[in-house]
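Trainee: Quick one, fold the following:
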Amino acid sequence: MSDEVKSMGSASADTALDSSRDDDGGGGGANGNGNGHGNGHGNGHGNGGGGNGGGRSPSLDNTSTVVDGNDGIVLRRKKPIAAWRLAVIFACIGMGLFLSLLDATVVATMLVDISAEFQDFRTSSWVVLAYTLTEVGFAVAMARLSDALGRKTVVCTSFAIFLAASMGCAAAANLDQLIGFRAAQGVGGAGLYAMAMITYPELSPPSRVVLVTSALGAVVALAGVCGPVIGGLLTSYVGWRYVFWINAPCAFVPGVLLLFLWPKDYQLFVKIDMRRLDYLGALLILAATVLPVFIINQAAIRDYAWRSATTISVLVIGGLCWVALVLWQRQLARDTRFRHIRPQLPFHILTSRVMLAAIFDTFLSGFVLLLAIINIPLRSQIVNLYGPVKAGALLLPMMGGGAAGCAIGGALSLRRNNTFPVLVVASAILAISSGVLSILPDATKPPAWQWGLETVLGVGVGLKISSTTFLAVLQSDFEDHAISQGIIAQMRVFGGSLGVAISIVVLITKIQNGLQDSLTPDQLASIYRSPLALFQFSAQQQLVARQAFVDAFRVDMYLCVGVSIASLLVALFTYQRHPPSVQSKLDDLEKELARSAALTEAPETAEP
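Mentor: From the prediction side, this is the model:
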């Protein structure tokens, strides 16, 4: 079963036949005129079907394509990938996913040291945001680009970009250079993230989709929490720059292996022409996600006043970009003049209640995940007087809980689709655990129950990650698989980016309001350069400064409670009386494979 897959719908039919016209130099129109697009497609003279034309079916090195009268495309892999090769491919792609997520959070325990070296704590948040913003801005674009260039090309290119940018980060001479290379690194990370979400389900046998989805969720949870731990270890013993130097072998080896082991053109769909990509949609998504987070962070660090014309204008432009994006996708769906364009965010996904709820739920859970991962180590370094290693180790329970949550979430939906109750319960877990974390004492030694509570929080995050990823697999059509996974990936990082930006607003506000009466302007400026400067103050001033960080973390957890409750309400909209199950998907696939075999055996569809 795993060596045959199919794609249904006119969108994929357009894709395959446009590709055949570009590659083979010919193709018939729907109404027998031999040109352009119609309401159906064929390779000869007919009324919208390919079965009457006797034309040549397009073929790739590892797939063959046939067209039926219902305008469906069937792709058959000529040779299944050997088990050992598939295992290596999965391991390499998984390493790419791990690296892309690891580098989003690895700086959590490095920010204090980086700000101390460059004497700019206020701007150091951009070391996190530069990466996450470009990652969120390019995730969907990379997914759609892989439809045109191929999965292998995009994955290998993403590894190359990630590797080169990591070397730039390691050699950065100032904070501006570091931020710039982190932004470039995020582009590579976006490709690695999106391609893992797409290719794992595509390359796996259909009966193993749940297992593969759970594995993806486990990698996401582990990488997110391992980042601060690894960052703390390397920062303490060899310096923060080695966090980026070590990316060289970690990215080079899997990238080269994929280059040689991934079979040529081995993917689910025929490639589309670059002219069919939705460039305007990609630009609108980039602007809509980056502009709000950018201006919120700039206002937080006092580069712009909240009520300034610049701040208000950028926020309004960001909002208008979202409106324009929806209207443009609606236009693409309804106007036949744009039928040749593959939408960046298909309108039928936006109008699907379950998919839209999954997208928003992913955004909200991403907010909680990244905010907690960044701020728990930061709090422990200032309040608990921990070094980078111990601060990172404080997240180990969350890492274990996240892995367990992903495994549990996958197991619960193995035979029956239980994503709805799992998402609801996970939201409640996030709300409760965030609420209890808000009452952490300000003592230098963290309470023992904090470890257990972080484990519970990790379980909730893991349940969310595996369930939303799995839900997108079951709810999307075959031709929308890549883009739906790209959207899920993008919204998780977008939510996390917004969470980090808002937490910076909270921290700067608490420092400004809580310390301006206790510290001199020079002392306050020294904290903005490096929070370690507070340990040079008097004992009383240190207590006041530490209290500002305690209060900021408490407000952050209050925000997580509110966001988690909102996530619970959104999760209610994923309810279905008869949700699709893995078995129902497999049954549908069996029927289509039988149809594929019948079409392949028909003389009119045979290749000359």
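Trainee: In contact with residue 309, which residues are there?
Mentor: Residues touching residue 309, when contacts are defined by CB atoms under 8 Å, 6 or more residues apart in numbering, are absent altogether. To be clear about C-beta, it is placed using only N, CA and C from the backbone, and glycine gets the same treatment.
Trainee: Now do the same for it: its pLDDT.
Mentor: For residue 309, the pLDDT comes out at 89.
Trainee: surely residue 159 meets residue 188?
Mentor: Yes: checked against CB atoms under 8 Å, the pair residue 159 and residue 188 is within contact range at 7.0 Å.
Trainee: Please tell me how far residue 127 sits from residue 554.
Mentor: As judged by CB to CB, to the nearest Å, residue 127 and residue 554 stand 24 Å apart.
Trainee: quick one, which of the two is more surrounded?
Mentor: Residue environment comparison for residue 127 versus residue 554 gives the larger neighbour count to residue 127, 21 against 18, counting by other CB atoms under 10 Å.
Trainee: Who are the contact partners of the more buried one?
Mentor: 107, 110-111, 114, 175, 178-179, 182.
Trainee: Nearest residue to residue 109 in space, please, no chain neighbours.
Mentor: Spatial nearest neighbour of residue 109, chain neighbours left out: residue 232 (3.9 Å); criterion: CB to CB, 6 or more residues apart in numbering.
Trainee: How about the contacts made by the one you found?
Mentor: Residues near residue 232 by CB under 8 Å, 6+ apart: 109-110, 377, 387-393.
Trainee: per-residue confidence for it?
Mentor: Residue 232 carries a pLDDT score of 81 in this model.
Trainee: so where is the stretch 201-350 of the chain shaky, pLDDT-wise?
Mentor: Judged by pLDDT under 70, the stretch 201-350 of the chain has its weakly predicted residues at 205-207, 209-210, 213-214, 265-271, 301-302.
Trainee: ok, and for the helix or strand hosting residue 295, which residues are buried?
Mentor: When secondary structure is defined using DSSP states H and E, the element that contains residue 295 is helix 279-300. By neighbour count, and taking 16 or more other CB atoms under 10 Å as the criterion, the buried residues in helix 279-300 are 281-300.
Trainee: so residue 211 touches residue 411, yeah?
Mentor: No: at 9.5 Å, residue 211 does not count as touching residue 411 under the criterion of CB under 8 Å.
Trainee: Check the separation of the first and last residues in stretch 263-283.
Mentor: 32 Å (CA to CA, to the nearest Å).
Trainee: Name the helix or strand for residue 157, please.
Mentor: Here residue 157 is covered by helix 151-170, with elements defined by DSSP H and E.
Trainee: Give the next helix or strand downstream of that helix.
Mentor: Scanning the chain past helix 151-170 towards its C-terminal end, the next helix or strand to appear is helix 175-203 (assignment: DSSP H and E).
Trainee: Mind checking what helix or strand follows that next one in sequence?
Mentor: Next along the chain after helix 175-203, with elements defined by DSSP H and E, is helix 209-237.
Trainee: got the buried residues for that next one?
Mentor: Going by neighbour count (16+ other CB under 10 Å), the buried part of helix 209-237 is 209-210, 212-236.
Trainee: what do you get for stretch 328-336?
Mentor: For stretch 328-336, the neighbour count (16+ other CB under 10 Å) marks 328-329, 332 as buried.
Trainee: picking up where we left off before, tell me the one of the contacts of residue 232 nearest residue 498?
Mentor: Sorting the contacts of residue 232 by how near they are to residue 498, with CB to CB, puts residue 377 at the top with 19.6 Å.
Trainee: Without its sequence neighbours, what residue ends up closest to the closest one?
Mentor: The shortest distance from residue 377 to any residue other than its chain neighbours is 4.0 Å, reached at residue 391 (CB to CB, 6+ apart).
Trainee: Would you confirm that residue 166 contacts residue 244?
Mentor: Yes: under the contact definition of CB under 8 Å, residue 166 touches residue 244, with a separation of 4.6 Å.
Trainee: okay but residue 410 is in contact with residue 217, surely?
Mentor: Yes: at 6.9 Å, residue 410 and residue 217 qualify as touching, with contact defined as CB under 8 Å.
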